[in-house]
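*Asks:* Build the 3D model from these lines:
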Amino acid sequence: MSCSDVPLSLSPHSAGRVFGALPKLLEPNHPHTPSSQCPGRLSGPMTWDSNFCTVNPKFVAMIVEASGGGSFMVLPLNKTGRIDMSYPTVCGHTGPVLDIEFCPHNDNIIASGSEDCSVMIWEIPDGGLTTSLTDPVVKLEGHSKRVGILSWHPTAHNVLMSAGCDNMVILWNVARGEAAVRIDSVHTDVIYSVCWNRDGSRILTSCKDKTLRVLDPRKGTVLIEKEKPHEGSRPVRAVFVSDRKILSTGFSRMSERQVALWDPNNFGEPLTLQELDTSSGVLLPFFDPDTGVVYLCGKGDSSIRYFEVTDEAPYVHYLSMYSSKESQKGMGYMPKRGLEVNKCEIARFYKLHERKCEPIVMTVPRKSDLFQEDLYPDTIGPEPSVEADEWFNGKDGQPILISLKDGFVATTKAREFKVHKSLLKTTTAATGNQQENTGEVQSLRKEVKQLKEVLEQLTKRVKELEMKH
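*Replies:* Residues are numbered from 1 along each chain as shown. Coordinates of the predicted model:
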């Protein structure tokens, strides 16, 4: 995957932060490294503003256009160069895929939401796909319109949040295959974004009815709300940032793009509101709690702006902007444990072009080869702190932090993804068909595999004979 390296020159802050208020940034350089060239058009329907890409330390996944249904591609991170037309995809949906997201607690598990109104959970084998996946591990059905937003719980195992164009948010107990909480009477229009706070005890939503809401996820009740955080009619995005504050992006009445910071305890006026430009693309915010930096990626833009969020006025400090010639169709954001600490990476994005995926690396130049503790405080690891049943019964869990001093090394086996088949309410070919476990089916599969191997050998022999003659 082609990589653009963006070195940053940063000064330490008196409060111990990585960034000074307005550091001088160096010019980006663009070393030539390989990229993933994909056979078809990337990204989903242009009528939906999703990231269209998700990434973890093992894989990068991206939505691709497909005829007759929806599909997405999952590539190992070391898979570079041109991707063959026959490369396997995940293609179980009957309508276009609108959003995908890897599970933070198991790098082999990915969720997908689609226009076919369903959510599907898939398990990707180590090393990537060798054949296309059509049968999910679990199929979750409960939305009456297309499902455009997915978000895994940050600390609870097997808890997934989905939001659809039916104005409903559903919290799923994935292992049981059931909708544990339905929030269907709060939002009066299409939901633009949903976001968990750091420990997953609150959710934040933005909606077409021009209201930001902070909700109790288990009760489905609104705790606080803010009408018209941005005056414009274009979509608003919002995320929790440091000290429980909220950062939102939206548009002014004159269609100027804006970024604002809010204190939920005093929602009347923003702590700061800045106008950026007059582009029409929705700004997708990505917040790094370790450094206090928020990255704003505009759909259709060719740039990424980054700001530092502090507890001192003006609160949101502009740092700099990465620019390139080609616009971004979507963007994936690597978890901190997937970065190369020996190269002083502080962020890595995976930018979707029309037919390729390109990593964008943010680095902080340091002369020393020693571990940079100020850049890498202990960060969120892959281990969940509570199980789904415990969380739905009211138990919260703080994130389990890990050190990146020696690079991330999994000290325990990835949390196994278990499905309680006897408890599943939605049966699927992968989870409901008990014949999958019979000896007869296993025997047939083995026989088919042997026949395929024989066919491959014969095909190879035929080619060799043709070459001789």
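*Asks:* okay, now Met254: neighbour count?
*Replies:* Taking other C-beta atoms under 10 Å as the criterion, the count of residues near Met254 is 9. Using the backbone N, CA and C atoms, a C-beta is placed for each residue, glycine as well.
*Asks:* and it, that one's in a strand?
*Replies:* No. Counting by DSSP: H, G, I helix; E, B strand; the rest coil, Met254 is not part of a strand but coil.
*Asks:* For it, which residues are in contact?
*Replies:* The neighbours of Met254, taking C-beta atoms under 8 Å, 6 or more residues apart in numbering as the test, are Gly232.
*Asks:* That one and Val74: what is the separation?
*Replies:* Counting by C-beta to C-beta, to the nearest Å, the separation of Met254 from Val74 is 42 Å.
*Asks:* before we move on, what about Glu387?
*Replies:* Using C-beta to C-beta, we find Glu387 at a distance of 26 Å from Val74.
*Asks:* go on, Arg237?
*Replies:* The gap separating Arg237 from Val74 is 25 Å, by C-beta to C-beta.
*Asks:* more neighbours, these two?
*Replies:* Per other C-beta under 10 Å, whichever of Arg237 and Val74 has more neighbours is Val74, with 25 against 19.
*Asks:* ok, the more buried one - contacts?
*Replies:* Contacts here follow C-beta under 8 Å, 6+ apart; on that basis Val74 touches Phe59, Val60, Ala61, Thr89, Val90, Ile110, Ile124, Gly128, Leu129.
*Asks:* Distance of it relative to Val60?
*Replies:* Per C-beta to C-beta, Val74 is found 8 Å from Val60.
*Asks:* same question, Ala347
*Replies:* Distance from Ala347 to Val60, counting by C-beta to C-beta: 15 Å.
*Asks:* How about Asp107?
*Replies:* Taking C-beta to C-beta, one finds Asp107 at 11 Å from Val60.
*Asks:* follow-up on the earlier one: A PyMOL selection for the contacts of Val74, restricted to the buried ones, would help me check which they are.
*Replies:* Buried members of the contacts of Val74, defined by 16 or more other C-beta atoms under 10 Å, are picked up in PyMOL with:
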select buried, resi 59+60+61+89+90+110+124+128+129
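*Asks:* Kindly indicate which of the contacts of Val74 lies nearest Ile170.
*Replies:* Closest approach between the contacts of Val74 and Ile170, by C-beta to C-beta: Ile110, at 18.0 Å.
*Asks:* ok, that closest one - contacts?
*Replies:* Going by C-beta under 8 Å, 6+ apart, the list of residues near Ile110 reads Thr54, Phe59, Ala61, Val74, Val90, Ile100, Glu101, Phe102, Cys103, Ile121, Trp122, Ile124.
*Asks:* Report pLDDT for the second one.
*Replies:* The predicted local distance difference test score for Phe59 is 97.
*Asks:* would you turn the contacts of Val74 into CSV with secondary structure and distance to Arg337?
*Replies:* Output for the contacts of Val74, formatted as CSV (DSSP: H, G, I helix; E, B strand; the rest coil; distance: C-beta to C-beta, whole Å):
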residue, secondary structure, distance to Arg337
Phe59, strand, 14
Val60, strand, 15
Ala61, strand, 17
Thr89, coil, 27
Val90, strand, 24
Ile110, strand, 17
Ile124, coil, 18
Gly128, coil, 20
Leu129, coil, 23
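*Asks:* that older thread, and the contacts of Ile110, which is closest to Tyr376?
*Replies:* Using C-beta to C-beta, Phe102 comes nearest to Tyr376 of the contacts of Ile110, at 21.6 Å.
*Asks:* so how far is Leu140 from the closest one?
*Replies:* Taking C-beta to C-beta, one finds Phe102 at 16 Å from Leu140.
*Asks:* Also Glu383?
*Replies:* Using C-beta to C-beta, Glu383 is found at 24 Å from Leu140.
*Asks:* what about these two, which has more around it?
*Replies:* Leu140 (26 against 18).
*Asks:* can I assume the more buried one sits in a strand?
*Replies:* Yes. Assessed by three-state DSSP, Leu140 belongs to a strand.
*Asks:* Could you give the bridge partners of the spatially closest residue to it that is not a sequence neighbour?
*Replies:* Closest residue to Leu140 apart from its sequence neighbours, by C-beta to C-beta, 6 or more residues apart in numbering: Val119 at 4.1 Å. Counting by DSSP bridges, Val119 is bridged to Gly113, Leu140.
*Asks:* Now do the contacts for Val119.
*Replies:* Listed by C-beta under 8 Å, 6+ apart, the contact partners of Val119 are Ala111, Ser112, Gly113, Lys139, Leu140, Glu141, His143, Val147, Leu150, Leu160, Ser162, Trp172.
*Asks:* again, 10 Å this time
*Replies:* If a contact means C-beta atoms under 10 Å, 6 or more residues apart in numbering, then Val119 has 93, 99, 111-113, 136, 138-143, 147, 150, 160, 162, 164, 170, 172, 174, 179, 426 as its contacts.
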